[in-house]
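>>> Here is my input; please provide its structure:
(2 chains)
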Protein chains: 2
Amino acid sequence: MTQHDTKTRNGLNLDQMGQTIEALKNDPSLARFQFRARNQWVNGGENRSSIQGFYGAGAEDESRAAPFVFTNGEPPVLLGNNEGANPVEFLLHALAGCVTTTTVLHAAARGIRIRSLSTELVGNIDVQGLLALDDSVPVGYESITIRMHIEADAPDEEIDDLITFAEGHSPVCNTVCKPVPVTIERVAAEKAAA
Amino acid sequence: MTQHDTKTRNGLNLDQMGQTIEALKNDPSLARFQFRARNQWVNGGENRSSIQGFYGAGAEDESRAAPFVFTNGEPPVLLGNNEGANPVEFLLHALAGCVTTTTVLHAAARGIRIRSLSTELVGNIDVQGLLALDDSVPVGYESITIRMHIEADAPDEEIDDLITFAEGHSPVCNTVCKPVPVTIERVAAEKAAA
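Sure thing, here's the model as predicted:
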């Protein structure tokens, strides 16, 4: 093994990974993260999020010089102009990325080198729920299927076990497949503007 | 009211909205949509999604000449280089957009003109779940709070009722707050490549 091989696996720095795990074992409070987004309605089905700061590892993160900005839109058949992907599509992107990163991370921890990994996601939804046309129809996705193509330096059964483990430890996957409380708080308008 | 006022509300075409609702009432099968994403791992915590086609309103959509492309990344504290927002942040973007669009849509249906709408989202998560350091810690978000600033031409109680209704009819909000089954299917490598 070259020095490079011993220091990174699947693009992850193994020394940093080990130090992070040790730090969290010594002080589990460092594992508490708070992520944030700000969103501004533009018009119709178009709105825009700005994502920059978060809290984690015991401190406010300051690694991002500028915010990430993403635009939600809707296709014409859903009354929009394709200003961006729509929110339920962005959810698929989040889910794909989380399952992938979780797989890559735990592969690295297990000593498995991943050569390639890609996914295809399909989510089924009935918009009678959104439109309040039929209360018996689920409002959210009915189901989401992820087809994963993976090539890795491990026997098939170890790869299968890795995927099952990743499914159980992916934050977005678990936010979707388990109920997570969402609260909407209306903020009173500024007194001055009232 | 000018002609313009009668045709659009909150940026939505009211004629098209009415026609869509009528069409779905006459043939509920048109309400079935299938959204899709393809994602390719790049390295470490970086991966990229491509989103273009979907099925809905009884046909394969062809309105997008090119795919939307989004990059997931991770900040340095999570072993990345800020290649993009991370998956749990993209989930907040999806949730913000969906609650906003659902609010705007049902406001239009109720005859409420929205003058401005913005949200701030905060999601709390303990990465001991992701890292499999403590099985008693939830893997997904523990909770998500949405603070909504809204100015609209309606009495306060009607706006409050609109927000509650939107929360109950937002597809992403319901995908998060209710359990949605996610299935990962491993695709066998091509025989030729084996």
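>>> low-confidence ranges in chain A?
Applying pLDDT under 70 to chain A flags the ranges A:1-6, A:190-194.
>>> which residues in it form strands?
All strands of chain A, identified by DSSP state E, fall at A:8-9, A:12-13, A:32-43, A:46-51, A:55-56, A:59-60, A:68-72, A:114-126, A:143-152, A:182-186.
>>> ranking those by burial, who's on top?
strand A:46-51 (a mean of 23; mean count of other CB atoms under 10 Å in any protein chain shown). (Each C-beta comes from the backbone N, C-alpha and C, glycine too.)
>>> ok, and does that one reach over to chain B?
Yes. Against chain B, strand A:46-51 shows contacts by CB under 8 Å from any CB of the partner chain at A:E46, A:N47, A:S49, A:I51.
>>> before we move on, back to that, make a markdown table from the strands of chain A and add distance to A:C98 to it.
Below are the strands of chain A laid out as a markdown table (distance: least, CB to CB, whole Å):
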| stretch | distance to A:C98 |
| --- | --- |
| strand A:8-9 | 19 |
| strand A:12-13 | 15 |
| strand A:32-43 | 12 |
| strand A:46-51 | 15 |
| strand A:55-56 | 16 |
| strand A:59-60 | 23 |
| strand A:68-72 | 16 |
| strand A:114-126 | 11 |
| strand A:143-152 | 10 |
| strand A:182-186 | 18 |
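>>> Of all the ones you listed, which one is nearest B:R113?
Checking the strands of chain A against B:R113 by CB to CB gives strand A:32-43 as the closest, at 12.1 Å.
>>> name the helices or strands packed onto that closest one?
Packing contacts for strand A:32-43, counted by 3 or more CB pairs under 8 Å, 6 or more residues apart in numbering or on different chains; DSSP states H and E, involve strand A:46-51, strand A:55-56, helix B:87-110, strand B:114-126.
>>> unless I'm mixing things up, A:I21 is touching B:L130, no?
No. A:I21 lies out of contact with B:L130 (CB atoms under 8 Å); the separation is 11.2 Å.
>>> quick revisit: could you dump the helices and strands packed on strand A:32-43 to JSON lines with distance to A:L105?
JSON lines is the format used below for the helices and strands packed on strand A:32-43 (distance: least, CB to CB, whole Å):
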{"stretch": "strand A:46-51", "distance to A:L105": "21"}
{"stretch": "strand A:55-56", "distance to A:L105": "16"}
{"stretch": "helix B:87-110", "distance to A:L105": "12"}
{"stretch": "strand B:114-126", "distance to A:L105": "15"}
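>>> And the most centrally placed residue in chain A, how close does it get to B:T71?
Nearest to the mean C-alpha position of chain A, by CA atoms, centre = their mean, lies A:A94 at 3.5 Å. Relative to B:T71, A:A94 is positioned 12 Å away (CB to CB, to the nearest Å).
>>> what's the neighbour count on A:Q128?
20 (other CB atoms under 10 Å in any protein chain shown).
>>> Quick one: closest of the helices and strands packed on strand A:32-43 to A:L14.
strand A:55-56 (20.5 Å).
>>> by contact count, what packs against that closest one?
strand A:32-43.
>>> Tell me the gap between stretch A:106-113 and the middle of its chain.
20 Å (CA atoms, centre = their mean, to the nearest Å).
>>> tell me which residues in that stretch are buried?
Using 16 or more other CB atoms under 10 Å in any protein chain shown as the test for burial, stretch A:106-113 gives A:H106, A:A107, A:A108, A:A109, A:I112.
>>> and what of stretch A:10-28?
A:N10, A:G11, A:L12, A:N13, A:L14, A:M17, A:T20, A:L24.
>>> could you dump these to JSON lines with distance to B:P76?
Output for the buried residues of stretch A:10-28, formatted as JSON lines (distance: CB to CB, whole Å):
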{"residue": "A:N10", "distance to B:P76": "17"}
{"residue": "A:G11", "distance to B:P76": "14"}
{"residue": "A:L12", "distance to B:P76": "12"}
{"residue": "A:N13", "distance to B:P76": "10"}
{"residue": "A:L14", "distance to B:P76": "15"}
{"residue": "A:M17", "distance to B:P76": "12"}
{"residue": "A:T20", "distance to B:P76": "11"}
{"residue": "A:L24", "distance to B:P76": "16"}
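>>> Could you list which of these belong to helices?
Taking DSSP state H, the ones among these that sit in helices are A:L14, A:M17, A:T20, A:L24.
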